[in-house]
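Chemist: dropping a prediction and its sequence here:
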Amino acid sequence: MNNGFFDRRQTIAAGLGAVLGSCAKATEAKPMQYEMPLESEPHQRCFMQWPVSLAVYDRPMLARVQAAIAKLANTISRHEPVVMLADARNGKLARKLLGPAIEIWDIPTDDLWCRDSGPTFVRDADGGLAVAHIRFNGWGRKQPHGRDALVAERVAKRLGLPIVPSGLVGEQGGLEHDGAGTVMAHASSWANANRNRIALPEIEKRLLKAIGGRKMIWAPGIKGKDITDYHIDALARFVGPGKVLIQLGAEIDPDDPWSVSGHQTLRILEKARDADGKLLKLVRLADPVETRINAPDFVASYVNYYVANGAVIAAQFGDKAADGRAREVLQGLYPGRVVEMIEVDAIGESGGGIHCATQQQPKAQP
């Protein structure tokens with residue numbers, strides 16, 4: 001599908017490198033143990049990024065994407081505080097589309113993918129927060145990202161939080177943590193020369209240290225078929241300790257690399273054990289079929305949802321049967337929370353989903 005803009009689901013010619021020198025350094029953290037809380041734990045707020053890059057989108061598509069981001073932010077704001085990151089000039093347009101409860105922080109952005117370029121919050125044993133700094137380089141220098149490369153540092157500085165260097169380049173959307181020591185990821189998003197030129201065991205060691213994991217589950221994934229090199233959060237999510245929701249067709253389509261790789265990941269998860277030595281509990285969810293958007297690079301992922309305070313915010317794609325089944329499954333997995341399913345097709349057309357566009361700040365614990 002040619003919309004005149006760079007699509008995250010296709011490999012893009014090399015863009016700008018990370019710009020690292022122009023941001024004032026945040027406080028360096030003292031050595032201690034940190035852990036990334038499960039997304040369903042209480043949040044202080046949700047961070048999002050306002051997309052502005054005309055190197056990524058043409059003007060009509062940029063307007064559609066901005067409208068979708070505003071719709072998502074307004075939906076989440078009914079359940080928890082939302083902060084939209086945008087520089088002062090672009091914040092004026094954002095203000096017109098955002099509800100009055102949403103704060104706008106003057107932090108420049110390029111694109112909307114706050115899960116990847118935003119801060120990865122971790123918590124210490126005393127309940128205090130820090131930011132595990134997984135450096136963002138535009139998914140392996142595939143997209144201009146000079147402003148996005150600095151978002152995590154700038155948010156940490158404004159919040160007065162310490163930065164914990166991970167020694168890794170990558171994106172939080174490329175990993176899933178169950179909040180109890182188990183981490184899963186596609187190796188294609190990490191052991192990739194466009195991000196890290198070190199061996200997988202060393203990547204694993206650094207990742208586990210950065211987010212407080214004790215057990216790593218790797219699946220191969222796919223390199224070079226999309227801009228993310230196959231982030232796992234579009235396929236499988238931890239919904240609790242040792243429990244995984246995976247969206248996958250019942251049969252392998254040998255002509256579809258996503259189907260082949262997804263089933264390979266499924267087979268690995270079926271045999272994997274969590275940090276406590278227990279087999280994972282797997283819940284299956286089918287793909288939608290009759291979607292409003294039929295482009296082959298459209299991301300129709302129900303599992304790429306966001307867990308807000310008291311709610312689950314997920315996408316619906318126009319397939320009434322599949323949308324209804326997804327709602328049932330999510331409601332069963334998150335009892336006591338409202339499940340809101342909204343149409344944000346422009347985000348799917350851009351190669352991601354609701355989870356990709358959001359980043360939670362957990363509440364600090366006393």
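Modeler: In hand now; what should we look at?
Chemist: which parts of this protein are helices?
Modeler: All helices of the chain, identified by DSSP state H, fall at 59-76, 88-97, 114-117, 138-141, 151-159, 200-211, 257-271, 320-333, 345-349.
Chemist: need the winner for burial among those helices.
Modeler: Ranked by mean neighbour count, the helices of the chain are led by helix 114-117 with a mean of 29 (mean count of other Cβ atoms under 10 Å). Every residue, glycine included, has its C-beta placed from N, CA and C.
Chemist: roughly how far is it from the heart of the chain?
Modeler: 6 Å (Cα atoms, centre = their mean, to the nearest Å).
Chemist: which residues of the stretch 101-250 of the chain fall in strands?
Modeler: 103-106, 120-124, 129-135, 163-169, 175-177, 182-186, 215-219, 236-240, 243-247 (DSSP state E, counting those that start in this stretch).
Chemist: what pairs with the fifth one, parallel or antiparallel?
Modeler: What it means is strand 175-177. strand 182-186 (antiparallel) (DSSP bridges).
Chemist: surely residue 305 meets residue 314?
Modeler: Yes - contact criterion Cβ atoms under 8 Å: residue 305 and residue 314 qualify, at 3.8 Å.
Chemist: okay, and the common contacts of these two?
Modeler: Among the neighbours of residue 305, those also in contact with residue 314 (Cβ atoms under 8 Å, 6 or more residues apart in numbering) are 330, 354.
Chemist: where does the protein dip in pLDDT?
Modeler: For the chain, the stretches flagged by pLDDT under 70 are 1-31.
Chemist: ok, residue 306 touching residue 358?
Modeler: Yes - with contact defined as Cβ under 8 Å, residue 306 reaches residue 358; the gap is 4.5 Å.
Chemist: joint contacts of the two?
Modeler: 46, 76.
Chemist: could you count how many residues lie near the closest residue to residue 214 other than its chain neighbours?
Modeler: Residue nearest to residue 214 in three dimensions, not counting chain neighbours: residue 181, with 3.7 Å by Cβ to Cβ, 6 or more residues apart in numbering. Residues near residue 181, counting by other Cβ atoms under 10 Å, number 18.
Chemist: contacts only, for residue 181.
Modeler: Per Cβ under 8 Å, 6+ apart, neighbours of residue 181: 212, 213, 214, 215, 274, 275, 276.
Chemist: now a ChimeraX select for only the buried ones of the residues you listed.
Modeler: Entered in ChimeraX, the line below selects the buried ones among those, by 16 or more other Cβ atoms under 10 Å:
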select :212,213,215,274,275
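Chemist: got the contacts of residue 181 as CSV, with distance to residue 254 columns?
Modeler: Listed next are the contacts of residue 181 as CSV, based on distance: Cβ to Cβ, whole Å:
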residue, distance to residue 254
212, 39
213, 34
214, 36
215, 32
274, 31
275, 34
276, 36
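Chemist: closest to residue 185 out of the contacts of residue 181?
Modeler: The closest of the contacts of residue 181 to residue 185 turns out to be residue 213 (Cβ to Cβ; 10.1 Å).
Chemist: now do the same contact list for the closest residue to that closest one other than its chain neighbours.
Modeler: The shortest distance from residue 213 to any non-neighbouring residue, by Cβ to Cβ, 6+ apart, is to residue 183 (4.0 Å). Applying Cβ under 8 Å, 6+ apart, we find residue 183 in contact with 175, 176, 177, 207, 208, 211, 213, 215, 216, 217.
Chemist: can I get the residues you listed in JSON lines with distance to residue 241?
Modeler: As requested, these are exported to JSON lines (distance: Cβ to Cβ, whole Å):
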{"residue": "175", "distance to residue 241": "16"}
{"residue": "176", "distance to residue 241": "12"}
{"residue": "177", "distance to residue 241": "10"}
{"residue": "207", "distance to residue 241": "18"}
{"residue": "208", "distance to residue 241": "16"}
{"residue": "211", "distance to residue 241": "15"}
{"residue": "213", "distance to residue 241": "12"}
{"residue": "215", "distance to residue 241": "11"}
{"residue": "216", "distance to residue 241": "15"}
{"residue": "217", "distance to residue 241": "13"}
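Chemist: mind checking how far the residue nearest to residue 272 when sequence neighbours are not counted is from residue 185?
Modeler: Closest residue in space to residue 272, ignoring its immediate chain neighbours: residue 217 at 4.7 Å, by Cβ to Cβ, 6+ apart. Residue 217 is 8 Å from residue 185, where distance means Cβ to Cβ, to the nearest Å.
Chemist: comparing these two, which residue is more hemmed in?
Modeler: Neighbours per residue (other Cβ under 10 Å) separate residue 217 from residue 185, with residue 185 holding more: 25 against 22.
Chemist: hmm, residue 186 is touching residue 221, no?
Modeler: Yes - assessed by Cβ under 8 Å, residue 186 is found in contact with residue 221 at 2.7 Å.
Chemist: between those two, which contacts overlap?
Modeler: 229, 230, 232, 261, 265.
Chemist: go ahead and confirm residue 118 touches residue 359.
Modeler: Yes - the pair residue 118 / residue 359 is scored as a contact, 3.8 Å apart, by Cβ under 8 Å.
Chemist: bridged to the residue nearest to residue 213, which residues?
Modeler: With DSSP bridges as the rule, residue 183 is bridged to residue 177, residue 216.
Chemist: could you check how far it is from residue 258?
Modeler: 22 Å.
Chemist: what does residue 38 give?
Modeler: Residue 38 is 27 Å from residue 258, by Cβ to Cβ.
Chemist: residues contacting residue 53?
Modeler: So residue 53 contacts 62, 110, 111, 144 (Cβ under 8 Å, 6+ apart).
Chemist: and which of those is nearest residue 354?
Modeler: For these, the nearest to residue 354 is residue 111 (15.1 Å; Cβ to Cβ).
Chemist: correct me, but residue 232 touches residue 190?
Modeler: No - using Cβ under 8 Å, residue 232 is not in contact with residue 190, being 10.3 Å away.
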